[in-house]
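J.: prediction below, plus the sequence it came from.
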Amino acid sequence: MSNFIPWLIFAGLLAAGSCGDTEHKPPKVSPSLKIAPGNADFAFKFYHQLASEAANKNIVFSPVSISIAFALLSMGAKANTLRQLLVGLGFNPKEISEQEIHNGFRHLLLELNRPQAELELSIGNALFTHNQFKLLQKFLKDAKHFYQSEILPTNFKKLKEAEQQINSYIEKKTHGKLKDVVKNLDPLVVLVIVNYVFLKAYWEKPFSYQLTQEDDFFIDEQTTVKVPMMNRDSFFNAYYDKDLGCQVVQLPYKGDASALFILPDAGKLKLVENALGKKILLKWEKSLKPQKIHLTLPKFSLDGSYDVEKTLRKLGIMDVFTDHADLSGISGAPNLKVSKAIHKAYLNVNENGTEAAAVTVIEVGPTSLSELIKYDRPFIFLILHETNKSILFMGRLKNPNKK
């Protein structure tokens with residue numbers, strides 16, 4: 001076995017009180033809320049990179065999927081590789097410990113997977129392990145404990161069968177929305193880690209199909225396309241940001257989630273995108289007020305596929321993709337590196353609500369009146385889980401006629 005060079009593939013597919021004590025104690029902060037600021041920072045940094053690289057394209061991705069995927073991977077990282085991963089994911093080692101980070105994700109997964117009658121949301125992880133390559137028991141134990149990972153033995157000597165096994169798992173967990181994600185497995189692969197996200201949410205107040213009609217969507221000053229526009233006249237939580245020149249409207253789903261649609265004024269898309277961050281999101285959420293609005297919103301369906309390695313390198317996560325990687329916490333030897341990282345996402349918005357799925361794939365190898373608000377031009381959207389302030393999905397619609 002001395003000539004055996006291991007490969008690892010990583011796939012990842014969005015208040016307390018006290019009584020009876022006169023001493024004032026600070027309220028306990030939920031472990032998942034401790035990691036919420038870092039996760040939000042990462043979401044917006046990742047969006048900024050995608051937006052700068054694809055100025056004229058639609059965007060859709062699941063920040064929480066990528067964060068969970070690489071946080072899980074970080075349990076096997078050491079030294080500078082670990083530091084880059086945690087900082088790149090938005091965590092300051094001086095303010096939050098590794099234990100707090102992993103415990104935060106553990107609670108986040110428990111909260112997101114809590115059954116709700118009106119909101120279908122599932123997020124999970126799986127480790128497809130080579131039956132002839134030994135991984136450290138601590139890594140496997142921690143993956144189960146903190147990330148609820150399934151451990152699934154896989155015969156990587158039969159690559160096509162292994163690909164089919166992994167892809168069938170992803171397709172099943174994303175209810176058929178993401179297919180054939182894993183392709184061309186390397187013959188030396190020893191591990192595939194899968195994180196998946198699936199969301200099916202219904203609007204608290206659905207749009208009427210009878211009111212949907214074709215209308216113009218202005219991609220830019222020169223380009224107009226016809227798209228099916230949904231219409232609803234009702235009270236919405238809304239806010240117009242005079243400083244940035246954009247309209248913000250919140251649409252609640254049944255259950256503990258909501259969508260935020262941000263419509264920049266003509267010519268202000270870049271300005272609004274540059275301002276996106278935790279502070280501006282908090283400002284918008286605090287400023288939302290019920291308003292009587294005739295809302296016009298396009299039906300749209302998006303899918304996206306991204307080279308996560310390319311984007312993460314620009315966010316300072318570099319060593320894990322090079323021969324300098326130290327992932328010895330996975331196998332006991334520093335001879336693994338991430339050789340590929342891919343994220344795929346799907347999202348469909350219609351009269352009833354939203355259906356979305358995401359998967360991130362990482363391959364690791366050897367160290368070598370009503371006011372009218374009409375969304376008829378490019379806009380930004382976020383899908384949020386209210387309890388733990390997680391950004392489940394995020395994106396930008398530039399052209400509704402393109403996926």
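T.: Alright, I've got the coordinates.
J.: how about residue 273, nearest residue that isn't a chain neighbour?
T.: Closest residue to residue 273 apart from its sequence neighbours, by C-beta to C-beta, 6 or more residues apart in numbering: residue 51 at 5.3 Å. For glycine as for every other residue, the C-beta is placed from the backbone atoms N, C-alpha and C.
J.: secondary structure element holding the one you found?
T.: helix 31-53 (DSSP states H and E).
J.: partner strands of the next helix or strand after that helix, with direction?
T.: With elements assigned by DSSP H and E, the helix or strand that comes after helix 31-53 is strand 59-61. Its sheet considered, strand 59-61 pairs with strand 390-397 (antiparallel) by DSSP bridges.
J.: mind checking the pLDDT average for the longest strand seen in the chain?
T.: Assignment by DSSP state E gives strand 224-241 as the longest strand of the chain. Here strand 224-241 scores 94 as its mean pLDDT.
J.: for the residue nearest to residue 386 when sequence neighbours are not counted, phi and psi?
T.: Closest residue to residue 386 apart from its sequence neighbours, by C-beta to C-beta, 6+ apart: residue 256 at 5.0 Å. Per-residue torsions, residue 256: phi -100, psi 60 (degrees, to the nearest 10).
J.: doesn't residue 383 make contact with residue 256?
T.: No - look at residue 256 against residue 383 with C-beta atoms under 8 Å: they stay out of range, at 11.8 Å.
J.: residue 264 and residue 241 touch, don't they?
T.: No - counting by C-beta under 8 Å, residue 264 does not reach residue 241; the two are 9.4 Å apart.
J.: number of nearby residues for the residue nearest to residue 386?
T.: 19 (other C-beta atoms under 10 Å).
J.: residue 77 too?
T.: Neighbours of residue 77 under the rule other C-beta under 10 Å: 25.
J.: which residues touch the residue nearest to residue 273?
T.: Shown in contact with residue 51 (C-beta atoms under 8 Å, 6 or more residues apart in numbering): 59, 273, 396.
J.: for it, give its distance to residue 357.
T.: 22 Å (C-beta to C-beta, to the nearest Å).
J.: re earlier: look up how far residue 80 lies from the residue nearest to residue 386.
T.: 38 Å.
J.: low pLDDT regions in this protein?
T.: Residue ranges of the chain with pLDDT under 70: 1-27, 361-370, 403.
J.: now stretch 326-340: buried residues?
T.: For stretch 326-340, a neighbour-count test (16 or more other C-beta atoms under 10 Å) marks 326-331, 334-340 as buried.
J.: equivalent analysis for stretch 289-308, please.
T.: Quick answer for stretch 289-308 (16+ other C-beta under 10 Å): 291, 293, 295, 296, 297, 298, 300, 302, 303, 304, 306, 308.
J.: out of the residues you listed, which is nearest to residue 211?
T.: Proximity of those to residue 211 was ranked by C-beta to C-beta; the top entry is residue 296 with 9.5 Å.
J.: give me phi/psi at the closest one?
T.: Phi and psi for residue 296, reported as degrees, to the nearest 10, are phi -120, psi 120.
J.: across the sheet, point out what pairs with it.
T.: Beta-bridge partners of residue 296, as defined by DSSP bridges: residue 231, residue 374.
J.: show me what the longest strand of the chain is packed up against.
T.: Under the contact criterion of 3 or more C-beta pairs under 8 Å, 6 or more residues apart in numbering; DSSP states H and E, strand 224-241 touches strand 213-218, strand 246-252, helix 278-287, strand 289-298.
J.: helix or strand for residue 102, which one?
T.: helix 98-112.
J.: show me which residues of that helix are buried.
T.: Residues of helix 98-112 classed as buried by neighbour count (16+ other C-beta under 10 Å): 101, 102, 103, 104, 105, 106, 107, 108, 109, 111, 112.
J.: now do the residue nearest to the fifth one when sequence neighbours are not counted against residue 319, distance only.
T.: Read that as residue 105. Using C-beta to C-beta, 6+ apart and skipping residues adjacent in sequence, the residue nearest residue 105 is residue 71, 5.3 Å away. In this view, residue 71 and residue 319 are 16 Å apart by C-beta to C-beta.
J.: compare the two (neighbour count), which wins?
T.: For residue 71 versus residue 319, the count of surrounding residues by other C-beta under 10 Å is larger for residue 71: 27 against 21.
J.: wasn't that one part of a strand?
T.: No - assigned with DSSP: H, G, I helix; E, B strand; the rest coil, residue 71 falls outside any strand and is helix.
J.: quick one on the thing from earlier: so what's the residue nearest to residue 386 up against?
T.: Applying C-beta under 8 Å, 6+ apart to residue 256 gives the contacts 116, 119, 385, 386, 387.
J.: OK, contacts around residue 130?
T.: By C-beta under 8 Å, 6+ apart, the residues touching residue 130 are 154, 156, 189, 190, 191.
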